[in-house]
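Colleague: Whatever this is, show me its structure:
(chains A and B)
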Amino acid sequence: MAITKSGAYGITLEKCFIDTAGQSMEAETHKGLLVTDTYTPNYDTHDFRDDVTNEVSGTNYTAGGNTVTTTVITLAAPAAESLKLDYDDPQWPNSTISAAMAHVFYFNVGSAATDQLVLLQDFVTAATTSAGLLLVQIHADGALNLDYA
Amino acid sequence: MNLTDEEIELVLEWRKVRDAFVKAKKSRAKDEGGYVKAKAAVDELRTYWRRVGEAAGTRTPVAPIRKKVG
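Modeller: So this is what the prediction gives:
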């Protein structure tokens, strides 16, 4: 198995809708990590960071990834009747990382067993750096769009 | 990385808008209007420069996740 598509983790979405996640999607404490293609996401059952396997490692990469900044929820974007989740491009400068295939955005609650998975973005083509910048370029339309009509 | 004066100006402008938004988030309970305004500014600026980069071919973004819920 492997990463075959981007997706949002259903259990955390459900918790957001029923007000049991205890997190604001716009908080500035969330984090994102990188995984290789060996991780197989299950968007129905994976809920916490300890479900994620095959995180990358390397120079200037810390396990658990780094903080995702300037998170924004915007309504009527990128088009009418759509909600957009967006944040700054995650980046790992001067890093040596091999075969990163996806970025996993999660609520940084405090431990792998409690950090809640939000979404995974599939790079489609693996990214490798050698003492260089690994930059995850978020689309102008944001990381996640929910069309509500 | 060497930036031109124009690029430095853009970076400083972005930081100013971003910092204002992060600050507005913290004081949202006291100033909802300021939060809404700061959020619109950060979204507009970031989206604008991303579209410029994508149109110029200098950005190769990850496709957004699109879900229909309505």
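Colleague: what about the strands in chain A?
Modeller: A:7-8, A:31-35, A:58-59, A:66-67, A:72-75, A:82-86, A:91-107, A:116-135, A:144-147 (DSSP state E).
Colleague: got a markdown table for those strands, with mean neighbour count, mean pLDDT and distance to chain B too?
Modeller: C-beta: built from backbone N, CA, C; applies to glycine. Formatted as a markdown table, the strands of chain A follow (neighbours: other Cβ atoms under 10 Å in any protein chain shown; pLDDT from 0 to 100; distance: least, Cβ to the nearest Cβ, whole Å):
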| stretch | mean neighbour count | mean pLDDT | distance to chain B |
| --- | --- | --- | --- |
| strand A:7-8 | 20 | 96 | 6 |
| strand A:31-35 | 23 | 98 | 12 |
| strand A:58-59 | 14 | 98 | 19 |
| strand A:66-67 | 14 | 98 | 12 |
| strand A:72-75 | 17 | 95 | 5 |
| strand A:82-86 | 22 | 96 | 7 |
| strand A:91-107 | 20 | 98 | 7 |
| strand A:116-135 | 18 | 97 | 5 |
| strand A:144-147 | 20 | 94 | 5 |
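Colleague: is it possible to export those to a markdown table including distance to residue B:46?
Modeller: Converted to a markdown table, those look like this (distance: least, Cβ to Cβ, whole Å):
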| stretch | distance to residue B:46 |
| --- | --- |
| strand A:7-8 | 21 |
| strand A:31-35 | 17 |
| strand A:58-59 | 28 |
| strand A:66-67 | 17 |
| strand A:72-75 | 8 |
| strand A:82-86 | 7 |
| strand A:91-107 | 14 |
| strand A:116-135 | 14 |
| strand A:144-147 | 15 |
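Colleague: For residue B:56, find the nearest of those.
Modeller: Among these, the nearest to residue B:56 by Cβ to Cβ is strand A:116-135 (15.9 Å).
Colleague: does the helix or strand in which residue B:55 is found come close to chain A?
Modeller: Assigned by DSSP states H and E, residue B:55 belongs to helix B:32-56. Yes: counting by Cβ under 8 Å from any Cβ of the partner chain, chain A is contacted by helix B:32-56 at B:39, B:40, B:42, B:43, B:46, B:47, B:50, B:51, B:53, B:54.
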